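Peer 1: Here is my input, please return the structure:
(one chain, ligands or ions: 1)
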Amino acid sequence: MENFFISTAISYTNGPPHMGHAYEVIAADVIARFKRLEGKNVFFLTGTDEHGLKVQKKAIGLGLSAQDLADQMSKNFVEMGKALNCSSDDFIRTSEERHKVAVKEIWLKMKKNGDIYLDDYSGWYSIIDEAFYQESELIKGESGIFFSPNNNPVEWLEEQSYFFRLSSYEGKLLDLYEKNEIFVQPKSRMNEVRNFVEGGLKDISISRKGLEWGIKVPDDEGHSVYVWVDALTNYISALEWPNDKSLFNDFWPGNLHLIGKDIIRFHAVFWPAFLMSAGLEIPKQIFAHGFILNKGEKMSKSLGNIEDPMSLIKNFGVDQLRYFLMRETPFGNDGNYSDELLINRVNADLSNDLGNLSQRCLTMVKKNCNQSIPQKNELNNFDLELLKSVDQKKDIIINLMSNFHINSYISEVFELISNTNKYFSDQKPWDLKTLDNDRMNTVLWVTCEMLRRIGILLQPVIPSGSSKLLDFLLISEEHRLIKFISDDYSLNSGKPIKEPEIIFPKIELKK
Ligand code: MSP
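Peer 2: Next up is the predicted model:
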């Protein structure tokens, strides 16, 4: 069985999870579930990034220890994952022992390779970004104060620091991008990364003096490892590197790091350079998704427009939130959230197009076919054309997901739903009941078979609704993989079905 490793970024524990975090976990979960449906052996990793000044500062402000704050917040992230129906295989916390061991080891390997040296650092640092900046990268505010490219405060730092020889990886990185043009996706992000490296790389500071809440530099307790060296190593510490090689051998190099567009440089420049230095393999691909905005504006505490994913799940349902976020925006672009947008989308697609189709068809099956899969009689051209449309589209649909065009994947599946709705209305099985019972049975069989195929394809996106749909048809767990979307596995007439229920009740817009 082919292995597939996918990870999200690990989230800072300086605050509770928000929509951006939910968005990333949902997208990674959709991809992970899809790969499983393709028959792959998936390792899906997520977790929390707990060290560094940002978390330490927040904890001090709250009168907590950084560990206590991390414990609390990390629990919130685990709970959000569960509530989102996230099928992750592991949740790594950077304060875990297995992680610390790996960070120390990668440091020692980079040092042994001659890539780490001690020098004096002077420059700008943003605690919120946990990033060092060149003055040329900063934005000058109205009062002459500098801000980071993300509009966060920066402070001037002068301290002794360990450096990583990033400058000597310029050529190797450009080589990597040339050999693997899809290393970073979408393409525009690959160009952004290439331009950055072509502009010249400077060595980077990789330790902080006096940072208490961090992993100590091996053989120099006065320094802590820079939080990004620490955080990036999670992808291999979770695979038990360097201690136990079995998971690591199976799943590394990882297939996909799914991250937000703001942290692309760390993943596509720093991380491969660290790995090359440590003599480890480079992940196969990085996908940078866009940001979720609130009616076009960045979500922020000061604007008071932060949406809490847990309340949205409670108000609208988990499939509904997943569906909206994945359907509304091309993956890679920024997307917008508003209750109205979600309600309209969910009512139109899930309640009307999919929900009504399944309810109308299965209720007729219950009433007229002894609650069993209807008799399939001779198929006419309309039936064959509809069923064939799935065979014709299957490869295209699979390809869309393989290239992370999640929203196009969904719209293709919904085109199948819309064609099935049209077929159902045109064939009028309710009229056929008295006119031609055999034909009614066939039309219902074709519609049930379409629901089976559609149900299989929608599992990654709306796992709970599609599992209900497949349960109605009594499709066994083992028969829900993509490969079962074929005539060879079509429904057997006479097999009982479960009592149908409404899967996606309409959401009322509260005034
Ligand atoms: N801890 C670092 C990542 C280290 S990975 C080795 C970090 N944490 S974060 O909590 O700030 O962000 C976690 C992920 O959420 C990142 O991929 C980030 O891009 C993403 N998002 C944060 N806000 C977001 C939105 N508003 N919308 C979509 N994703 C956003 O960065």
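Peer 1: Only C-alpha atoms from now on, for both contacts and neighbour counts.
Peer 2: Will do.
Peer 1: ok, and what's touching the host helix or strand of Phe4?
Peer 2: Secondary structure from DSSP states H and E places Phe4 in strand 3-8. Strand 3-8 is contacted from outside by 24-25, 28, 32, 35, 40-47, 235, 250-252, 254-259, using CA atoms under 8 Å, 6 or more residues apart in numbering.
Peer 1: mind listing which of those are in strands?
Peer 2: Asn41, Val42, Phe43, Phe44, Leu45, Thr46, Gly47, Leu256, His257, Leu258, Ile259 (DSSP state E).
Peer 1: could you pick out which of these are near the ligand?
Peer 2: Restricting the ones in strands among the contacts of strand 3-8 to those touching the ligand (CA under 6 Å from any ligand atom) yields Ile259.
Peer 1: So which bits of the stretch 201-350 of the chain are right by the ligand?
Peer 2: Checking the stretch 201-350 of the chain against the ligand by CA under 6 Å from any ligand atom, the hits are Ala231, Leu232, Ile259, Gly260, Lys261, Asp262, Ile263, Gly290, Phe291, Ile292.
Peer 1: From one end of stretch 112-130 to the other, what's the distance?
Peer 2: End-to-end span of stretch 112-130 (CA to CA, to the nearest Å): 26 Å.
Peer 1: where do the helices sit along the stretch 401-511 of the chain?
Peer 2: In the stretch 401-511 of the chain, the segments counted as helices under DSSP state H, counting those that start in this stretch are 406-427, 429-435, 437-458, 463-472.
Peer 1: Closest one to the ligand out of the ones in strands among the contacts of strand 3-8, please.
Peer 2: Nearest to the ligand among the ones in strands among the contacts of strand 3-8, counting by CA to the nearest ligand atom, is Ile259 at 3.9 Å.
Peer 1: Quick one: residues contacting the closest one.
Peer 2: Thr8, Ala9, Glu24, Ile286, Phe287, Ala288, His289.
Peer 1: what about 10 Å?
Peer 2: Residues in contact with Ile259 (CA atoms under 10 Å, 6 or more residues apart in numbering) are 7-10, 21, 24-25, 28, 267, 286-290.
Peer 1: returning to what we had before: tell me which of the helices of the stretch 401-511 of the chain is the most buried.
Peer 2: Stretch with highest mean neighbour count among the helices of the stretch 401-511 of the chain: helix 437-458 (a mean of 23; mean count of other CA atoms under 10 Å).
Peer 1: Tell me how far it lies from the chain's centre.
Peer 2: 32 Å (CA atoms, centre = their mean, to the nearest Å).
Peer 1: ok so, going back, weed out the non-buried ones from the contacts of Ile259.
Peer 2: Neighbour counting with 16 or more other CA atoms under 10 Å marks 7-10, 21, 24-25, 28, 267, 286-290 as buried within these.
Peer 1: Just the ones of those residues in helices?
Peer 2: Within these, residues falling in helices by DSSP state H are His21, Glu24, Val25, Ala28.
Peer 1: Just the buried positions in stretch 496-511, please.
Peer 2: Result for stretch 496-511 [16+ other CA under 10 Å]: buried residues Pro496, Ile497, Lys498, Pro500, Ile503, Phe504, Lys506, Ile507.
Peer 1: Let me see the contact set for the last one.
Peer 2: For Ile507, the set of contacting residues under the criterion of CA under 10 Å, 6+ apart consists of Asn315, Phe316, Gly317, Gln320, Leu342, Ile343, Asn344, Val346, Asn347, Ser351.
Peer 1: Which members of those are classed as buried?
Peer 2: Buried among the contacts of Ile507 by 16+ other CA under 10 Å: Phe316, Gly317, Gln320, Leu342, Ile343, Asn344, Val346, Asn347, Ser351.
Peer 1: Looking at those residues, spot the one nearest the ligand.
Peer 2: Nearest member of these to the ligand, counting by CA to the nearest ligand atom, is Leu342, at 16.2 Å.
Peer 1: quick one: the closest one and Tyr323, what's the gap?
Peer 2: For Leu342 relative to Tyr323 (CA to CA), the value is 9 Å.
Peer 1: do the same with Glu137
Peer 2: 38 Å.
Peer 1: So between those two, which is more surrounded?
Peer 2: Taking other CA atoms under 10 Å, Glu137 and Tyr323 do not tie; Tyr323 has more neighbours (23 against 11).
Peer 1: Show me what the helix or strand hosting that one is packed against.
Peer 2: Element membership of Tyr323, judged by DSSP H and E, is helix 318-328. Contact here means 3 or more CA pairs under 10 Å, 6 or more residues apart in numbering; DSSP states H and E; on that basis helix 318-328 packs against helix 19-37, helix 309-316, strand 335-337, helix 339-345, helix 406-427, helix 463-472.
Peer 1: in terms of contact count, name the helices or strands touching the longest one.
Peer 2: Helix 406-427 is packed against helix 19-37, helix 318-328, helix 357-368, helix 381-402, helix 437-458, with contacts defined by 3+ CA pairs under 10 Å, 6+ apart.
Peer 1: Export the first one to PDB, keeping only CA atoms.
Peer 2: The C-alpha trace of helix 19-37 is given here as PDB (Å, rounded to 0.1, in the frame of the first residue of the first chain):
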ATOM      1  CA  MET A  19     -11.300  30.300  11.800                       C
ATOM      2  CA  GLY A  20      -7.900  30.300  10.100                       C
ATOM      3  CA  HIS A  21      -6.800  27.300  12.100                       C
ATOM      4  CA  ALA A  22     -10.100  25.600  11.400                       C
ATOM      5  CA  TYR A  23      -9.800  26.300   7.700                       C
ATOM      6  CA  GLU A  24      -6.400  24.700   7.500                       C
ATOM      7  CA  VAL A  25      -7.300  21.600   9.500                       C
ATOM      8  CA  ILE A  26     -10.500  21.100   7.400                       C
ATOM      9  CA  ALA A  27      -8.600  21.300   4.100                       C
ATOM     10  CA  ALA A  28      -5.900  18.900   5.300                       C
ATOM     11  CA  ASP A  29      -8.600  16.500   6.500                       C
ATOM     12  CA  VAL A  30     -10.300  16.600   3.100                       C
ATOM     13  CA  ILE A  31      -7.100  15.700   1.400                       C
ATOM     14  CA  ALA A  32      -6.200  13.100   3.900                       C
ATOM     15  CA  ARG A  33      -9.600  11.400   3.700                       C
ATOM     16  CA  PHE A  34      -9.500  11.500  -0.100                       C
ATOM     17  CA  LYS A  35      -6.100   9.800  -0.100                       C
ATOM     18  CA  ARG A  36      -7.500   7.100   2.200                       C
ATOM     19  CA  LEU A  37     -10.400   6.700  -0.300                       C
END
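Peer 1: and that helix, how far from the chain's centre?
Peer 2: Centre-to-centre, helix 19-37 and its host chain are 3 Å apart (CA atoms, centre = their mean).
Peer 1: Restricted to buried residues, select the contacts of strand 3-8 in ChimeraX.
Peer 2: In ChimeraX, this line selects whichever of the contacts of strand 3-8 come out buried by 16+ other CA under 10 Å:
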select :24,25,28,32,35,40,41,42,43,44,45,46,47,235,250,251,252,254,255,256,257,258,259
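Peer 1: quick one: which of the ones in helices among the buried ones among the contacts of Ile259 is nearest the ligand?
Peer 2: His21 (4.5 Å).
Peer 1: For that closest one, which non-adjacent residue is closest in space?
Peer 2: Computed as CA to CA, 6 or more residues apart in numbering, the closest residue to His21 that is not its neighbour in sequence is Ser11, at 7.4 Å.
Peer 1: just Thr329 next, same as before
Peer 2: That would be Gly335: by CA to CA, 6+ apart, it lies 5.4 Å from Thr329.
Peer 1: doesn't Met299 make contact with the one you found?
Peer 2: No - using CA atoms under 10 Å as the test, Gly335 is too far from Met299 to be in contact (11.7 Å).
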